[in-house]
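Chemist: Sequence first, then the predicted structure:
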Amino acid sequence: MTAEYKVHGAVAVITLNNPPVNGLGLSTRRAVIEGLHQANTDSSVQAIVITGAGKAFSGGADIKEFGKEAALQEPNLHTVIAQVEQSGKPVVAAIHSVCMGGGLELALGCHYRIAAPGTTVALPEVKLGLLPGAGGTQRLPRAIGVEPALNMIVSGEAVKSELLAQIPGQKLFDKLASSPEALAAEALALAQTVGERHADGNEALPLVRDLKCKHPQGDAYFGFVRNMVKGMSKNYPAPLKCVDAVEAATRRKFQEGLDFERELFVNLMWTPESRALRHLFMAERAASKIADVPADTPVRAIQKVGVIGAGTMGGGISMNFLNAGIPVTILETKQEALDRGVATIRKNYEAQVKKGKLKEDKYAQRMALLSTTLAYDDLKDCDLIIEAVFEELGVKEAVFKQLDAVAKPGAILASNTSTLDVDKIAAFTRRPQDVVGMHFFSPANVMKLLEVVRGKATAHDVLATVMQIAKKIKKTAVVSGVCDGFIGNRMIEQYSRQAGFLIEEGATPQQVDKAVEKFGFAMGPFRMGDLAGNDIGWAIRKRRYVEKPHMKYSKTADLLCEMGRYGQKTGKGWYDYQVGKRDAIPSQEVLDMISTYRQSQGITPRKISDEEIVQRLVFALVNEGAQILEDGIASKAGDIDMVYLTGYGFPIYRGGPMHYASELGLINVVQAMQRFAQNPHDDASFWQPAPLLARLAAEGQRFS
């Protein structure tokens, strides 16, 4: 059973015990119902306490049941809460640590509530494209007032119990425990008191549903809130539905409001946005699990980190560890480079202080953890050393040979390479089992994604350690096998190739960018190229021309670089830029270059629809992603989606390229690819569906 029943004197205690956060799965719900029945039929019991074991009261729905029949099976959460409310004996919720979602809705159904200080309280369903579906939108406004409740429900953000207890007239908590340790004893004492008070049955048990719920400004308030929410959530339907549900709490009888909430909840469950957000929620958790690396794999202690290179990447990588309270030593070849790197780190922190995002004392603490050196020998005490030097194999070789000579046994040696062969890098050492790729994305102190590149010799405990440290530095880590470009850059190359073909055929850079930005990308391919530096792509293409002479590229990007138009850093790329500004201004010089190139190739430009632009770019990602899965470079489609959602600006409400393709129907994707293969100016061989994609489409399946 995932809930325990014990009697302490005249008080029965039902303890939710479904680790890690006491999710309200079917077996837990059944156990609560059984416990309520047992207590109500035991004449020696006067009151009931519901609490949670371990480090949570309840985090709400059991994620293991998401999308499964068990989630809706009786007794569902509505039934459990109704049974609590109808209990003939008072039920006290003893809330501690975490009380979220269905856990808070369950607590709101209890007759009395006592909370430990420091409890995190939230209704976060909006973050999954939903609204609270078990009375949260109807009961919370009655318990703490309409405005505080609506703020919590629309934002999904957590609030500490002490702050909620300070809301004037709040009925959420009858009492705050004197300390977390005292909660159990004080909950028993409260239950004993209310049990005795209600023993004769003359006084009705208090119910949150019976409290009044009004807002003094009514129409004006909800009109104002709707306008605000509309402006902030244009691609997400759930926040506005939350407003509708809370407004219903102020205008309808409780049961009518509850029915309306349920109707909205069910409708939202079927929206593509909610499906995408739920997929993201599950994929993010699944990304941290590696099939052949058990969860209990011992990890290596990481107490000191070395970073080689004080440039943009090295400095950003260092900040991640400083932010997490881990000492960092940065190594460079020249003092001036070190000084520049440290100055940039200071500048970044000072900008945060100026904006009020970082306190002066925290800034000082972080800088105190930073040391610099010109000598490899000063890295001998480091537990993890990350190389962030120039992306050239010979440079990496020199670094790793020196690291092999000075690093202590058991130190993890990581490369921040974005495309190079981690197995070749590992072979420069006598300890390939300790070598791993840690590909941070720029700016490394901001971007969430970390590609963890697993070499053929990388030890299990090295992988487990890197995944754990990623969590500590607040990164979303995704494991990739070794191939050119790993997951993200291998796919983006195909996306960029299509962007090149599109402008050859008749589109302009700004039309391509606007089409994919309208689709939801943070930035189109040409603006992205200008930001990253077009010379980086040029260097990769030069390597490709030698290694893969059969691979077709538009020559327009090479011509652009030959004109010295490298992007924002040179003030001109696919667009023109004004000094000190990042606004992308269409360039007549670039349009003329493209036009001249078309003429030289005998290409008559044609009108290209935004739909075709989006399909060719996104389906290029999908097909390459399917091949990556086929090749075993990524272990699951959700990992590819996480790479694109957290590292490449793919629209979150579309769930990532693989999820988006599944939502469209893979047969439709394959049919579109067959059309693209007929285009004489495209690369017909690329549009042959990857075997996995062809197989799933033929079977009517999705990417799992």
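Modeler: Yes, it's here.
Chemist: And the helices in the stretch 201-350 of the chain?
Modeler: Counting by DSSP state H, counting those that start in this stretch, the stretch 201-350 of the chain has helices at residues 219-232, 238-251, 254-269, 272-287, 312-323, 335-354.
Chemist: got a list of what the residue nearest to Thr604 when sequence neighbours are not counted touches?
Modeler: Residue nearest to Thr604 in three dimensions, not counting chain neighbours: Arg598, with 7.8 Å by Cβ to Cβ, 6 or more residues apart in numbering. In this view, the C-beta of every residue, glycine as well, is placed from N, C-alpha and C. Neighbouring residues of Arg598 by Cβ atoms under 8 Å, 6 or more residues apart in numbering: Glu504, Thr604, Pro605.
Chemist: Can you tell me the element Arg598 falls in?
Modeler: helix 588-601 (DSSP states H and E).
Chemist: May I have that helix exported as CSV, CA atoms only?
Modeler: What follows is helix 588-601, C-alpha atoms only, in CSV (Å, rounded to 0.1, in the frame of the first residue of the first chain):
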residue,chain,number,x,y,z
GLN,A,588,20.5,45.2,-50.4
GLU,A,589,24.1,44.1,-50.9
VAL,A,590,23.1,40.5,-49.8
LEU,A,591,20.0,40.5,-51.9
ASP,A,592,22.1,41.5,-54.9
MET,A,593,24.6,38.8,-54.2
ILE,A,594,21.9,36.2,-54.0
SER,A,595,20.3,37.4,-57.2
THR,A,596,23.7,37.3,-59.1
TYR,A,597,24.3,33.8,-57.8
ARG,A,598,20.9,32.6,-59.0
GLN,A,599,21.6,34.0,-62.5
SER,A,600,25.0,32.2,-62.6
GLN,A,601,23.3,28.9,-61.7
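Chemist: what is the rounded mean pLDDT of it?
Modeler: Per-residue pLDDT values over helix 588-601 give a mean of 96.
Chemist: For the helix or strand containing Asp530, give the mean pLDDT please.
Modeler: With elements taken from DSSP H and E, the one containing Asp530 is helix 525-532. Mean pLDDT, helix 525-532: 92.
Chemist: Hmm, Thr2 is touching Glu34, no?
Modeler: No. When contacts are counted by Cβ atoms under 8 Å, Thr2 is not listed as touching Glu34 (11.5 Å).
Chemist: coming back round to it: can you name the element that comes right after the helix holding Asp530?
Modeler: Once the chain leaves helix 525-532, the next helix or strand it forms, by DSSP H and E, is helix 534-547.
Chemist: Quick one: list the elements packing against the helix or strand just after that following helix.
Modeler: Next helix or strand after helix 534-547 toward the C-terminus (DSSP H and E): helix 556-562. Contact here means 3 or more Cβ pairs under 8 Å, 6 or more residues apart in numbering; DSSP states H and E; on that basis helix 556-562 packs against helix 488-505, helix 534-547, helix 588-601.
Chemist: want to try JSON lines for the ones you listed, with distance to Ser554 as columns?
Modeler: As requested, the helices and strands packed on helix 556-562 are exported to JSON lines (distance: least, Cβ to Cβ, whole Å):
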{"stretch": "helix 488-505", "distance to Ser554": "3"}
{"stretch": "helix 534-547", "distance to Ser554": "10"}
{"stretch": "helix 588-601", "distance to Ser554": "8"}
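Chemist: Could you identify which of those is most buried?
Modeler: Greatest average neighbour count among the helices and strands packed on helix 556-562 goes to helix 488-505 (a mean of 22), per mean count of other Cβ atoms under 10 Å.
Chemist: and for the helix or strand that that helix is followed by, what are the contacting residues?
Modeler: Using DSSP H and E, the helix or strand that directly follows helix 488-505 along the chain is helix 509-519. With Cβ under 8 Å, 6+ apart as the test, helix 509-519 has contacts from 499, 502-503, 523-527, 574-575, 584, 586, 590, 608, 610, 613-614, 617-618, 651, 654.
Chemist: Give the rounded mean pLDDT of helix 509-519.
Modeler: 97.
Chemist: Distance from the chain centre to it, please.
Modeler: Its chain's average C-alpha position is 25 Å from that of helix 509-519, according to Cα atoms, centre = their mean, to the nearest Å.
Chemist: angle of that helix against helix 488-505?
Modeler: 130 degrees (axes from the mean of the first three to the mean of the last three Cα atoms, to 10 degrees).
Chemist: Let me see the ranges of the helices in the stretch 601-704 of the chain.
Modeler: Going by DSSP H, counting those that start in this stretch, the stretch 601-704 of the chain shows helices at 610-630, 637-647, 657-664, 666-676, 691-699.
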